[in-house]
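*Asks:* sequence and computational prediction follow.
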Amino acid sequence: KNEVEQSPQNLTAQEGEFITINCSYSVGISALHWLQQHPGGGIVSLFMLSSGKKKHGRLIATINIQEKHSSLHITASHPRDSAVYICAVGRNTDKLIFGTGTRLQVFP
Amino acid sequence: KAGVTQTPRYLIKTRGQQVTLSCSPISGHRSVSWYQQTPGQGLQFLFEYFSETQRNKGNFPGRFSGRQFSNSRSEMNVSTLELGDSALYLCASSQGADTQYFGPGTRLTVL
C-alpha cells in the first residue's frame, strides 16, 4: 500500500463545476503539499499546510491531521485548471513522498 | 527574484554513458532537493542538500550522486546510464523546511 493515496485518479468536469480531490496518508508528517503539474512538466507548489485550511483565489486546501486526510477544492472550475494535481507529504525534512496524482480535465 | 533554473532542459544519452545535470536555486535558498519522475513510478525523491551537505537520500542506487556548491547551486550525476533512467529530473529549492519551488526539469532520454 502506498504511503500517500489520492483519489480519484482521473476527473473530468464541465466549466464552472466544484471539484474535490482527496489525499490520504499513512505516515506521520510535518506538512502536506499540493502541487500542480501542467503538460510539459512544470510543477507549481499550490499549498503547504500542516493544519486547518488555506485559500488562494478559487483554490481551497484543508487538512485533518487526526484522520490523516487532506482535500483540494477548486471552485468555479475553468479549462485552464486542467492539469495533474499531486499531493505530497513531508516528514520534518525536505524529503517528500508523493501521491500518484489526479489528472483533471475541465471542458468548456 | 529569478526562479529555479535547470540545465540542460533536454538531453539524449546512450546506455553506459554518464550525465551531469545542474540546478540553480532561488537566491537565498540553501536547500536543494532532486526528484525523478517516470510514467511508471511517478515522482520519487532522490536526495536533498543543505549548505553543501547531503541531508537526506532516497532509495536509488549508488550510480546516482549529487553535490552542492558554496553558492547553493547543485549538480546531480548519473553514471553508467540504463534505459530505465529515462525520466524528467526535477530540482526544487527552499529556504529550509518551507514551501519548495520547482524548476522546469531536465528531460533525459537514454537510448
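*Replies:* Noted; the coordinates are in hand. Numbers count the residues shown, from 1 in each chain, chains lettered A, B, ... in the order given.
*Asks:* indicate each strand paired with the helix or strand of chain A with the lowest mean pLDDT and its parallel or antiparallel sense.
*Replies:* In chain A, no helix or strand scores lower on mean pLDDT, DSSP states H and E than strand A:96-98, which sits at a mean of 88. Strand A:96-98 has these partner strands in its sheet, going by DSSP bridges: strand A:83-90 (antiparallel).
*Asks:* contacts for the least confident helix or strand of chain A?
*Replies:* Strand A:96-98 has contacts (Cβ atoms under 8 Å, 6 or more residues apart in numbering or on different chains) with A:3-4, A:25, A:27, A:33, A:86-91, B:33, B:35, B:42-45, B:100. In short, each C-beta sits where N, CA and C put it, glycine included.
*Asks:* and those, which of them are in helices?
*Replies:* Per DSSP state H, helices hold no members of these.
*Asks:* how about the contacts made by residue 35?
*Replies:* All of this is about chain A. Neighbour list for A:L35: A:43-46, A:85-88, B:102 [criterion: Cβ under 8 Å, 6+ apart].
*Asks:* not quite, go with chain B.
*Replies:* B:Y35 touches A:96, B:43-46, B:89-92, counting by Cβ under 8 Å, 6+ apart.
*Asks:* recalculate using a threshold of 7 Å.
*Replies:* Neighbouring residues of B:Y35 by Cβ atoms under 7 Å, 6 or more residues apart in numbering or on different chains: B:43-46, B:90.
*Asks:* what residues does chain A put near chain B?
*Replies:* Where proximity means Cβ under 7 Å from any Cβ of the partner chain, the interface of chain A facing chain B comprises A:30, A:41-43, A:45, A:48, A:86, A:93-96, A:98, A:100-101.
*Asks:* spatially nearest residue to the most centrally placed residue in chain B (excluding sequence neighbours)?
*Replies:* The residue lying closest to the centre of chain B (Cα atoms, centre = their mean) is B:W34, at 3.6 Å. Among residues not flanking B:W34 along the chain, B:L46 sits closest, at 4.1 Å (Cβ to Cβ, 6 or more residues apart in numbering or on different chains).
*Asks:* tally of neighbours for the one you found?
*Replies:* As a burial measure, B:L46 scores 22 neighbours (other Cβ atoms under 10 Å in any protein chain shown).
*Asks:* cool, A:F107 as well?
*Replies:* Look at A:F107: counted by other Cβ under 10 Å, it has 11 neighbours.
*Asks:* correct me, but it touches A:G16?
*Replies:* No: assessed by Cβ atoms under 7 Å, A:F107 is found out of contact with A:G16, at 10.5 Å.
*Asks:* all strands of chain B, in order?
*Replies:* For chain B, the strands defined by DSSP state E cover B:5-7, B:10-13, B:19-24, B:31-38, B:42-50, B:53-57, B:64-68, B:74-78, B:87-94, B:101-102, B:106-110.
*Asks:* in CSV: those strands, plus mean pLDDT.
*Replies:* Shown next, in CSV, are those (pLDDT from 0 to 100):
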stretch, mean pLDDT
strand B:5-7, 96
strand B:10-13, 96
strand B:19-24, 98
strand B:31-38, 94
strand B:42-50, 92
strand B:53-57, 90
strand B:64-68, 96
strand B:74-78, 97
strand B:87-94, 94
strand B:101-102, 90
strand B:106-110, 96
